[in-house]
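In: Based on what follows, work out the 3D shape:
(3 chains)
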Amino acid sequence: MTSLTAGAVAALVGGELTGSPDVRIAGVAALDAAGPGDLAFLADPRWAAYLAGTRAGAVLMDPRFRGHAGGPATRIVVADARAAIRTIALRFTPEEGTGWSIHPTARLGRRVRWLGRIAIGAHCDIGADVTFGLDCRVAPGVRIGDGVALGDACVIGPGACLGIAGFSHAAGDHGPTDLPPTGKLRLGHRVTVGALSTIARGSIGTTVIGDDTKFDAQVHVGHNVRVGARCLVMAQAGIAGSTTLEDDVIVAGQAGLADGLRVGAGARIAAQAGVIGDIPPGATVSGYPARDHRQVLRHAAALARLAPHARILEQLAHSAHATAD
Amino acid sequence: MTSLTAGAVAALVGGELTGSPDVRIAGVAALDAAGPGDLAFLADPRWAAYLAGTRAGAVLMDPRFRGHAGGPATRIVVADARAAIRTIALRFTPEEGTGWSIHPTARLGRRVRWLGRIAIGAHCDIGADVTFGLDCRVAPGVRIGDGVALGDACVIGPGACLGIAGFSHAAGDHGPTDLPPTGKLRLGHRVTVGALSTIARGSIGTTVIGDDTKFDAQVHVGHNVRVGARCLVMAQAGIAGSTTLEDDVIVAGQAGLADGLRVGAGARIAAQAGVIGDIPPGATVSGYPARDHRQVLRHAAALARLAPHARILEQLAHSAHATAD
Amino acid sequence: MTSLTAGAVAALVGGELTGSPDVRIAGVAALDAAGPGDLAFLADPRWAAYLAGTRAGAVLMDPRFRGHAGGPATRIVVADARAAIRTIALRFTPEEGTGWSIHPTARLGRRVRWLGRIAIGAHCDIGADVTFGLDCRVAPGVRIGDGVALGDACVIGPGACLGIAGFSHAAGDHGPTDLPPTGKLRLGHRVTVGALSTIARGSIGTTVIGDDTKFDAQVHVGHNVRVGARCLVMAQAGIAGSTTLEDDVIVAGQAGLADGLRVGAGARIAAQAGVIGDIPPGATVSGYPARDHRQVLRHAAALARLAPHARILEQLAHSAHATAD
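Out: Modelled structure (predicted):
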C-alpha cells in the first residue's frame, strides 16, 4: 500500500468528508508531526490546540470537534476517530512485519512443532518440545524453555523469557534450596507478551495464561499463576506465584500482587498498587496495601484536612484523657 | 529415571503408605492437573478441596490431612509433604538439565577460565578474564562483563546481565558525565541470578554477592553494593549503589533500597517497601518511607478510624484554637 | 596506559601533593579495596573511617579531610576529589572499550547507516533503516527496531530494546485489539540507555529522547513519550505513553509516571513516587499519588502524632456530633 485518496479513507472508515476527496495520503501521524502526505487525527480535547497548526494533508476527527476552526481543508468526521485511524494505519504497516520464517541464528531444541506459519527472530533459543499454534510471531532474542505450549496467533516481544524456573526457595540447613521446576507453561490463543517480560513455568503443575490476554514490557509472572482471558497487564507489573486472575482483569503499571491470591473477574488494579489480599470481582483498588480506590482517596483527603491541626488535636486528646482519668 | 513404585516413594521420603505399594509413578503434578501416572501432594488447606477430584495415582500429604476423605486409594503420609515432593521431583528432573557444554553460538572473550564442568547456553556473551568456579550453569542469552568472578555452582538465568556499568552520573557543565567503571563484580558460591536481572560492577571498588544468595527475575543491583550470605531478593526488587545487606536478609518483590544504606542481618523488607534509611538487624519494614511493619498497620488502622470524622475533628480543632486565643 | 607517578596524577588534576611524587599508580580503587599500586580517594565523610587502614599507594582527597591522620604518606589534595578520580580512572579504562567494530554474530537489517565509527556487540539485532550518528556504542544482545534514529555518541547497554511496539490495547468485541505501531523513535546526541531497558516507538507519531539524557537499567519508556535534554532516569522507573518530561528532570528509581502527563523542567520525582498528574517546573514530589515532598513528610508526621490517640479522638468526634444534634 503506497497511498490512498482522502475519499478512499472516508469510504474505508464510513466517515463524512469535507474538502477535497483527491488529497493523497501515504501514512498516518500525530497532528504536530504530520506532513502534507499524512493523515492526522483528533480524538482527545488535549490535542485540539494542535489542529490549527498541523501540516497534515487531512484529518480524521470525532464529531465533537466539528466546530473547531483551522487545520487541513480536508476533514473526515467519524464517530470514533481513534478506531478509524487504526483501520487506516493497518493499511500502511510495513510489509516486513508479514514475513514468516525462522532466522538461521535461532536455536531450536528437539521436537519443536508449529501449525501453519511461524516467525522466529534472530538469536532466539527455543527449548525442546515447545509447541506453537497457528501463525505465532517470536521477536529476536526470545528464550522459551522446554515444553512450553503456545496457542494460535501469539506474539512474543524481543528478549522475553517464557517458562523460566520459578523462585521456590526455602531456608534449609545450608541456605535456600531450590525446587526443580518440573511444571509447565501454557499460553492460550492470541496472547501477547511484551519485550523483556518473564513468565515462570509451574514448580509442580502448570502456569496458565488465558486467551486474548496481553502483557506489556518488563512484566513478571511467577510460577503456577493462572491468568484468565482478556486480561491486560501493564509495564513492570508483577504477579507472584500461585495467584489467580479471573477474566477481564486490568493490572496497571508497576502494580504488584502477592502470592496465592485470587483477583475477581473485571477487577482493576491501579498503577503501583500493592495487592496482599483477595480482590472481589469488579473492584477497583489502589495503594499499599491495596484497597478500594475511593477509600484511598477519602483517607488521603481526611489526612490533608487533619494534618494542619495535628498538634492541637493531640492536646485535645490528652485533655480528654486527663478528664476521663 | 522413568518411574518409581509408590512403595519406593514412601521409602525415599520416610512416609507411611496406605493402599497399593505397586502403583507406578512417572512424574509429579498438582492435585488438579495430575494424571494416573503422577504423584500429587497436599500441604496447604487451600488445596484440600481438590483432593476428592484428583486423578493422581498417589498422593503425598501432611499428617493433618489424614482424615480427609476421597482421592487416590494410595496415600503416603509424611511429616513435611512439601519437602518430600521436592525429593521426588528431583528424581524426575529432565536429563538435559545435566548437560555440561558451551553452545557454539556463545561468544567467549580472552582468558575466560572455569573449574570442573561448565554449561553456557546459546547466544551468551562472556567478557575477557571472566572466571567461574566448579559446575556453574549459564542460561541462554546471558551477558557477563570483563573480569567478573563467579564461585562454585552459580546458576545464571536467561538474559541476565552481570558486571554492567553502574549509573554514576553527575551534572557537569555540559550535562551528566560518566564515571568509567573500572571496578569489579564478585559472586560467591551457589549464587542464583534470575532471568533478566542486572548486577552492576563497582564504579571504583567491587560489587560483592555472598554465598547462597538467590536473586529472582528482573532484580537490579547497583554498583558497589555488598550483599551478604543466604539473602533472598524477590522479583523486580532494586538495590541502589553502595548499599550493604548483611547476611540472611529477605527483600520481597518490587521493594527498593536507596543508595548508601546498611540493612542488618536477618531483616525483612516487605513487598514494594521503599527503604531510605538504615534498617536494624531482624527488623521487618514496609511502606514508603519504609518503617516498622506493625507501625505501618497501626497508622493505617488509625487513619481508617479518623477519616469518617475528619470534618468534625477539624471543627473541634478550630474551636479549641479559638478558645485558646 | 600501564602506570602513572603520583606526581603525574597531581599534575593531571591540579592537586597539591605531599609525600613521594614517585609512587607508581596502576589503577584506581575504593579505600577499603585498594592495594599498593592503587590510587584511592576520599570525598565523603562516611568513608573517612577507612583512611587510616587503607593499603592504597596514594590518596586523592577533598581539602576538608586534610586534617585527618593516617593513611598513605602520599596524598593529593584537590578541590573536587570525586571529579579528579574520574579523570584518572579514564586513563585506566580497559582498551577493549575502545574497539570499533561490528561483531559477526550481529544481524543488521537493510540500509542500516552510521557516521564515523560504530561498535555493535555480539548477538545484536538491528532493524532496517536504523541510523546512527558519530561514534555510537551498542552492547551485546541489543535489539533496535526498524527505522529508529540515534544521534552522536549514544551508548546502549546490553539487552536493551529500542523501538518496540507500544502497548495500545483497547477492549474490542473480541478482546483487546492492537494499534499497529507505525510511529518512530528518535534519540538525540549522547543519550545513554541502560541494560535491559525498553523504549517504545510512537504508535502514531514519534517517541523523542533529548540530548544528554541518561537512562539506567530496566527503565521502561512508553510510546510517544517526549523526554527533554539532560534528564536522568534511574533503574526500574517507568514512563507511560504520551507523557512529556521537559529538560533536566530527574526520575529516581522505581518511580512511575502515568500516561499523558507533563513534568516541568528541573522537577525531581523521588524513588517509587507514583505520578498521576502534571508536575510544575522545579517541584520535588514523592509518594502515591505523588505530591510535594515536604507535604508528604508533614502528613506522615501528623499521622504519627495522631495515631496513638485515634480511639479517643473518635470518641470526641462522636460526642461533638451528639452535642450538635
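
In: hey, let's count contacts and neighbours off CA atoms from now on
Out: Noted.

In: What segments of the stretch 201-325 of chain A are strands?
Out: A:206-209, A:214-215, A:220-221, A:226-227, A:232-233, A:238-239, A:244-245, A:250-251, A:256-257, A:262-263, A:268-269, A:274-275, A:284-286, A:291-292 (DSSP state E, counting those that start in this stretch).

In: Can you lay out these as TSV showing mean neighbour count and mean pLDDT?
Out: Listed next are the strands of the stretch 201-325 of chain A as TSV, based on neighbours: other C-alpha atoms under 10 Å in any protein chain shown; pLDDT from 0 to 100:
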stretch	mean neighbour count	mean pLDDT
strand A:206-209	25	96
strand A:214-215	26	98
strand A:220-221	28	98
strand A:226-227	24	98
strand A:232-233	27	98
strand A:238-239	30	98
strand A:244-245	26	98
strand A:250-251	24	98
strand A:256-257	30	98
strand A:262-263	22	98
strand A:268-269	26	98
strand A:274-275	26	97
strand A:284-286	23	97
strand A:291-292	17	94
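
In: Look up phi and psi at residue A:289.
Out: Residue A:289 adopts backbone torsions of phi -70, psi 140, taken as degrees, to the nearest 10.

In: Which residues lie in contact with residue A:80 in this structure?
Out: Neighbouring residues of residue A:80 by C-alpha atoms under 8 Å, 6 or more residues apart in numbering or on different chains: A:43, A:61-62.

In: quick one: which of the residues you listed is nearest to chain B?
Out: Using C-alpha to the nearest C-alpha, residue A:43 comes nearest to chain B of those, at 35.5 Å.

In: now that closest one: how far from chain C?
Out: Distance from residue A:43 to chain C, counting by C-alpha to the nearest C-alpha, to the nearest Å: 13 Å.

In: As CSV, the strands of the stretch 201-325 of chain A with distance to residue C:100 would be great.
Out: Below are the strands of the stretch 201-325 of chain A laid out as CSV (distance: least, C-alpha to C-alpha, whole Å):
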stretch, distance to residue C:100
strand A:206-209, 44
strand A:214-215, 37
strand A:220-221, 36
strand A:226-227, 46
strand A:232-233, 40
strand A:238-239, 39
strand A:244-245, 49
strand A:250-251, 43
strand A:256-257, 42
strand A:262-263, 52
strand A:268-269, 47
strand A:274-275, 46
strand A:284-286, 49
strand A:291-292, 54
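
In: will you turn these into a markdown table that also has distance to chain C?
Out: Below are the strands of the stretch 201-325 of chain A laid out as a markdown table (distance: least, C-alpha to the nearest C-alpha, whole Å):
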| stretch | distance to chain C |
| --- | --- |
| strand A:206-209 | 14 |
| strand A:214-215 | 8 |
| strand A:220-221 | 13 |
| strand A:226-227 | 14 |
| strand A:232-233 | 8 |
| strand A:238-239 | 13 |
| strand A:244-245 | 16 |
| strand A:250-251 | 11 |
| strand A:256-257 | 12 |
| strand A:262-263 | 19 |
| strand A:268-269 | 14 |
| strand A:274-275 | 11 |
| strand A:284-286 | 9 |
| strand A:291-292 | 14 |
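
In: which bits of the stretch 51-200 of chain A sit near chain C?
Out: Contact residues (C-alpha under 8 Å from any C-alpha of the partner chain) of the stretch 51-200 of chain A with chain C: A:86, A:89-90, A:92-94, A:122-123, A:140-141, A:157-159, A:195-196.

In: Hmm, residue A:99 is touching residue A:121, no?
Out: No: contact criterion C-alpha atoms under 8 Å: residue A:99 and residue A:121 do not qualify, at 10.4 Å.

In: Tell me how far the closest residue to residue A:146 other than its chain neighbours lies from residue B:235.
Out: Among residues not flanking residue A:146 along the chain, residue A:127 sits closest, at 4.2 Å (C-alpha to C-alpha, 6 or more residues apart in numbering or on different chains). Distance of residue A:127 to residue B:235, computed by C-alpha to C-alpha, to the nearest Å: 23 Å.

In: quick one, which of these two is more surrounded?
Out: Between residue A:127 and residue B:235, counted using other C-alpha atoms under 10 Å in any protein chain shown, residue B:235 has the larger neighbour count: 29 against 20.

In: what sits against that one?
Out: The contact partners of residue B:235, by C-alpha under 8 Å, 6+ apart, come to A:220, A:238, B:215-219, B:252-254.

In: Could you list which residues are in contact with whichever residue of the stretch 151-300 of chain A sits closest to chain B?
Out: Nearest residue of the stretch 151-300 of chain A to chain B: residue A:205, at 4.7 Å (C-alpha to the nearest C-alpha). By C-alpha under 8 Å, 6+ apart, the contact list for residue A:205 reads A:182-184, A:224, B:29-30, B:33-34.

In: how about it, phi and psi?
Out: Dihedral angles for residue A:205 - degrees, to the nearest 10 - are phi 90, psi -160.

In: And for residue A:74, nearest residue in space, chain neighbours not counted?
Out: residue A:19 (4.2 Å).

In: Please name the residues that touch the one you found.
Out: Here residue A:19 is in contact with A:73-75 (criterion: C-alpha under 8 Å, 6+ apart).

In: Show me which of residue A:99 and residue A:121 is the more surrounded one.
Out: The neighbour comparison of residue A:99 against residue A:121 (other C-alpha under 10 Å) goes to residue A:121, with 22 against 12.

In: Sketch out the low-pLDDT regions of the stretch 1-150 of chain A for me.
Out: A:1-2, A:93-98 (pLDDT under 70).

In: quick one, strands of it?
Out: Under DSSP E, counting those that start in this stretch, the stretch 1-150 of chain A gives strands at A:4-5, A:16-18, A:24-25, A:27-28, A:38-42, A:58-61, A:75-77, A:107-108, A:113-120, A:125-126, A:131-138, A:143-144, A:149-150.

In: how about the ones you listed in CSV, adding mean neighbour count and distance to chain B?
Out: As requested, the strands of the stretch 1-150 of chain A are exported to CSV (neighbours: other C-alpha atoms under 10 Å in any protein chain shown; distance: least, C-alpha to the nearest C-alpha, whole Å):
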stretch, mean neighbour count, distance to chain B
strand A:4-5, 18, 43
strand A:16-18, 17, 49
strand A:24-25, 22, 41
strand A:27-28, 28, 35
strand A:38-42, 28, 35
strand A:58-61, 29, 39
strand A:75-77, 26, 44
strand A:107-108, 20, 7
strand A:113-120, 17, 15
strand A:125-126, 26, 7
strand A:131-138, 22, 15
strand A:143-144, 30, 7
strand A:149-150, 22, 15
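
In: about what we covered before: tell me the pLDDT at the residue of the stretch 151-300 of chain A closest to chain B?
Out: The per-residue pLDDT reported for residue A:205 equals 85.

In: ditto for residue A:320
Out: We have a pLDDT of 85 for residue A:320.

In: what's the answer for residue A:172, then?
Out: pLDDT, residue A:172: 40.

In: Now do the spatially closest residue to residue A:30 that is not a sequence neighbour against residue B:237, distance only.
Out: Leaving aside its sequence neighbours, residue A:30 sits nearest to residue C:205 (C-alpha to C-alpha, 6+ apart; 4.8 Å). Using C-alpha to C-alpha, residue C:205 is found at 33 Å from residue B:237.

In: for residue A:196, same thing?
Out: 16 Å.

In: How about residue A:92?
Out: Where residue B:237 is concerned, residue A:92 sits at a distance of 40 Å (C-alpha to C-alpha).

In: For these two, indicate the residue with more neighbours.
Out: More crowded of residue A:92 and residue B:237, by other C-alpha under 10 Å: residue B:237, with 26 against 18.
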